[in-house]
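[1] Have a look; sequence and predicted model below, questions after that.
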Amino acid sequence: MRTRLLVVSCCIALIAALAHAQGADDGFQTGRVMAIEKLAENAQHMSDEINYKILMRVGDTIYDCRTSAQAATFIDWSPGKQFPVKIDGKTLLAKNFNGQIVQMNIKKTSH
């Protein structure tokens, strides 16, 4: 009986450790949308993608970003919404609700 209890306890501890390790290794943190704005289209380069200006707060820093994507990508984005984000040099990566990674170019930062 004690052996069975020990094995079950070890399995639970191993599963918890693996779940924690997966979350810690991806490097994502919480970001909050401060503003999202659709930018004017370039008449010479019409495409299915729409250009956006997005202000995203991560910790005490606000990132002024630009990106272009299908309108459906940002259908649920609005000020106050939170997303897992990761800063990679001059790029901000955000995980959308469906797990898709949205890549945004950082134009400037402010504190």
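    Thanks, I have it.
[2] When you work out contacts or count neighbours from here on, use the C-alpha atoms and nothing else.
    Fine.
[3] which residues does the most centrally placed residue in the chain bridge with?
    Centroid check for the chain by CA atoms, centre = their mean gives residue 94 as the closest residue, at 2.2 Å. Residues in a beta bridge with residue 94, per DSSP bridges, are residue 85, residue 102.
[4] my read: it touches residue 103, true?
    Yes - Residue 94 is within contact range of residue 103, at 6.6 Å (criterion: CA atoms under 8 Å).
[5] For this structure, just list every one of the helices.
    2-25 (DSSP state H).
[6] low-scoring pLDDT stretches of it, where are they?
    1, 5-11, 13-25, 42-47 (pLDDT under 70).
[7] for it, what spans make up the strands?
    Using DSSP state E, the strands of the chain run over residues 29-38, 50-58, 61-69, 82-88, 91-95, 101-110.
[8] can I get these in CSV with distance to residue 4?
    Formatted as CSV, the strands of the chain follow (distance: least, CA to CA, whole Å):
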stretch, distance to residue 4
strand 29-38, 38
strand 50-58, 46
strand 61-69, 50
strand 82-88, 39
strand 91-95, 40
strand 101-110, 43
